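Asks: got a predicted model here, sequence first, then my questions.
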Amino acid sequence: MIKTLYVRVVLTFLAVIIIALLGATLLGGALFEQDLDDLQHNEMRTAAENIIRVYEEATVKDLDRFMGSIGPLTTYPIRVYDDTGQMKSYLGANRPDKFEIPPKLVQQVLSGEIYQANEKDDKVFVGFPFQFGEKPYAMFLLTSSKNEGMILSLFLTVLLLVLLIGSVCILFAAGYLVKPLKALTRATKRLAKGDFDVAVKVMRKDEIGALAQSFNEMAFELKQVETMRRDFVSNVSHEIQSPLTSISGFARALKNDKLVKEEQSRDRYLDIIVTESERLSRLSDNLLKLASLESEHHPFAASTFHLDEQLRQVAVACEPQWSAKHIQLDLRLPDAINITADADQLRQVWLNLLGNAIKFTPEGGQISIRLLEQRGTLTVAISDTGPGIAPEELSRIFDRFYKADRSRSSSGSGLGLAIVKKIVVLHQGDIEANSEAGRGTTMTVTLPSLPPLQ
């Protein structure tokens, strides 16, 4: 069984070259058969004419001796017939063909006609009349097998040399072709074992080079995914461990009457346990929500509603938060702007974005919400006057558990913007963050007004 690509390449090449040579031979023979026959006819006719001319110019006293001396000078066998039909062969440089010339043709030449075989004849020969003394004779030149054998031997030798040289060349060429594939195989095995620090160095611009480049990109992406997975596990563990530690610590303190003697301290400890439990519950809820959004089976309940009215309702729901910080909320919402989407999911988007804006906007700051409709596209921009986000962090704020300013966002889980991003993408929309340190942040959400394909 052929198992290696190297052997397959070599054998495939050999099969192709053999088929190509045989096909070329048959096709070439068919195309040039007539030309070769015509060339042989002309050569035989010329040779016969030269023999007759030499015979006529010379004083021949012994015909048999003359023909015997002429025979070795030509590659074509000579046959001489007298008027009684008796034949004598002069072999020349070849053994005579066993082909029998029909008596009718012999008589035709003896009568003074020149004969040349036509295309339908199996054998190529020519016949010329001449006289010796007072008697008529017919001289025939038969086809020579020497030239054909030499040509055939030369052709077969060339074929064998082509096959041999081609085989040697394909051995090296196949090794050159298969070498990067072997490197890819080794790299793939390393990748399968979890070694993502692998790269295939193939400096080629052909399909194999493109494959190696794609493999390197895949390895890099897998490394990124693995890094994200580890970070995710680490972040989840950290986010869960922190409230669990608080809950466990204060619960143990409550059990110890010596540590908690006053009712006021007991109530404060219980409040901390409740707060941390709620934080843990929100984290669990956000994780489940994000996992559901990333699955292909998340429910999508599309309905048509007024987007401007939903934004107003979200602003009212968050009023206790922004009014407590004396934040000025500026709403610029045109009336009756319809959208077909999942209302609950979009409400989650506005709550998360507005909640972040309120969290990072200082006392007495300003938040603005703008809605714009243009050519079937709706744009919602939520801007704040907070500290802003550093440029190097803008590209990562939508990653899970990423916190641009951990000192200011210790109460958050880092999942809010990841959920927002996923919901917007599910609605075939886009979200963009624009920020400048010290000048606030603007979150711009672009959504189609028509229902997305699900």
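Replies: Right, received. Where do you want to start?

Asks: hey, let's count contacts and neighbours off CA atoms from now on
Replies: Fine.

Asks: after the lowest-mean-pLDDT helix or strand in the chain comes which helix or strand?
Replies: Scoring the helices and strands of the chain by mean pLDDT, DSSP states H and E places helix 263-294 at the bottom, with a mean of 70. Using DSSP states H and E, the helix or strand that follows helix 263-294 in sequence is strand 302-306.

Asks: how about the helices in this structure?
Replies: Secondary structure of the chain (DSSP state H): helices at 5-57, 63-70, 103-110, 145-192, 207-255, 263-294, 307-317, 319-324, 343-360, 391-394, 416-426.

Asks: which strands and helices sit next to the shortest one?
Replies: Applying 3 or more C-alpha pairs under 8 Å, 6 or more residues apart in numbering; DSSP states H and E, one finds that helix 391-394 contacts strand 430-435.

Asks: the strand it packs on vs helix 416-426, what angle?
Replies: 140 degrees (axes from the mean of the first three to the mean of the last three C-alpha atoms, to 10 degrees).

Asks: what lines up beside strand 430-435 in the sheet?
Replies: Sheet pairing of strand 430-435 (DSSP bridges) gives strand 441-448 (antiparallel).

Asks: distance from the strand it pairs with to the middle of the chain?
Replies: Centroid separation between strand 441-448 and its chain, computed with C-alpha atoms, centre = their mean, to the nearest Å, is 36 Å.

Asks: now stretch 430-443
Replies: With C-alpha atoms, centre = their mean, you get 39 Å for stretch 430-443.

Asks: same question, stretch 426-443
Replies: Mean C-alpha position of stretch 426-443 versus that of the full chain (C-alpha atoms, centre = their mean) differs by 36 Å.

Asks: buried ones in it?
Replies: Under the neighbour-count criterion of 16 or more other C-alpha atoms under 10 Å, stretch 426-443 has Leu426, His427, Gly429, Asp430, Ile431, Ala433, Ser435, Gly440, Thr441, Thr442, Met443 buried.

Asks: what bridges to Val374?
Replies: I think there's a mix-up here, since residue 374 is Gln and not Val. Bridge pairing for Gln374 - DSSP bridges - gives Thr377.

Asks: ok, now how distant is it from Thr304?
Replies: 18 Å (C-alpha to C-alpha, to the nearest Å).

Asks: quick one: which of these two has more around it?
Replies: Set side by side, Gln374 and Thr304 show more neighbours around Thr304, with 14 against 9, by other C-alpha atoms under 10 Å.

Asks: look up the closest residue to that one, ignoring the ones flanking it.
Replies: Spatial nearest neighbour of Thr304, chain neighbours left out: Thr340 (4.2 Å); criterion: C-alpha to C-alpha, 6 or more residues apart in numbering.

Asks: wait, the one you found touches Ser449, no?
Replies: Yes. Look at Thr340 against Ser449 with C-alpha atoms under 8 Å: they come within range, at 6.0 Å.

Asks: more neighbours: these two, which one.
Replies: More crowded of Thr340 and Ser449, by other C-alpha under 10 Å: Ser449, with 22 against 19.

Asks: tell me the contacts of the more buried one?
Replies: Counting by C-alpha atoms under 8 Å, 6 or more residues apart in numbering, Ser449 touches Asn338, Ile339, Thr340, Gly376, Thr377, Leu378.

Asks: now the residue of the chain positioned farthest from its centre: how far from Asp83?
Replies: Residue farthest from the centre of the chain, counting by C-alpha atoms, centre = their mean, is Glu134 at 87.3 Å. Applying C-alpha to C-alpha, the value for Glu134 to Asp83 is 11 Å.

Asks: can you check Asp430 too?
Replies: In terms of C-alpha to C-alpha, Asp430 sits 108 Å off from Asp83.

Asks: over to Ala418?
Replies: Look at Ala418 and Asp83: by C-alpha to C-alpha, they are 114 Å apart.

Asks: these two: which is more packed in?
Replies: More crowded of Ala418 and Asp83, by other C-alpha under 10 Å: Ala418, with 18 against 14.

Asks: would you confirm that the more buried one contacts Val424?
Replies: No. Ala418 is beyond contact range of Val424, at 10.0 Å (criterion: C-alpha under 8 Å).

Asks: on that earlier part again, so which of the helices of the chain is nearest Tyr90?
Replies: For the helices of the chain, proximity to Tyr90 was assessed by C-alpha to C-alpha; helix 63-70 is nearest, at 6.1 Å.

Asks: restrict that closest one to CA atoms and write it as CSV.
Replies: Output of helix 63-70 as CSV, limited to C-alpha atoms (Å, rounded to 0.1, in the frame of the first residue of the first chain):
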residue,chain,number,x,y,z
LEU,A,63,25.1,-8.1,-64.9
ASP,A,64,25.3,-10.3,-61.9
ARG,A,65,28.7,-9.0,-61.0
PHE,A,66,27.5,-5.4,-61.5
MET,A,67,24.4,-5.8,-59.3
GLY,A,68,26.5,-7.6,-56.7
SER,A,69,28.9,-4.6,-56.5
ILE,A,70,26.0,-2.1,-56.4
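
Asks: make TSV from the contacts of Ser449 and add pLDDT to it.
Replies: Converted to TSV, the contacts of Ser449 look like this (pLDDT from 0 to 100):
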residue	pLDDT
Asn338	87
Ile339	88
Thr340	87
Gly376	80
Thr377	87
Leu378	90
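
Asks: may I see the PyMOL selection of the buried members of the residues you listed?
Replies: Per 16+ other C-alpha under 10 Å, the buried members of the contacts of Ser449 correspond to this PyMOL selection:
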select buried, resi 338+339+340+378
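
Asks: between the contacts of Ser449, which sits nearest Gly386?
Replies: Among the contacts of Ser449, Leu378 lies closest to Gly386 (C-alpha to C-alpha), at 25.1 Å.

Asks: list the contacts of the closest one.
Replies: Neighbouring residues of Leu378 by C-alpha under 8 Å, 6+ apart: Leu371, Leu372, Thr446, Leu447, Pro448, Ser449.

Asks: so how far is Ser248 from the residue nearest to Thr304?
Replies: 46 Å.

Asks: one more: Gln107?
Replies: Distance from Gln107 to Ser248, counting by C-alpha to C-alpha: 129 Å.

Asks: again with Ala173
Replies: Using C-alpha to C-alpha, one obtains 69 Å as the distance from Ala173 to Ser248.

Asks: try Ile423
Replies: Taken as C-alpha to C-alpha, the span from Ile423 to Ser248 is 35 Å.

Asks: looking at those two, which one has more neighbours?
Replies: When neighbours are counted by other C-alpha under 10 Å, Ile423 comes out ahead of the other of Ile423 and Ser248, with 21 against 12.
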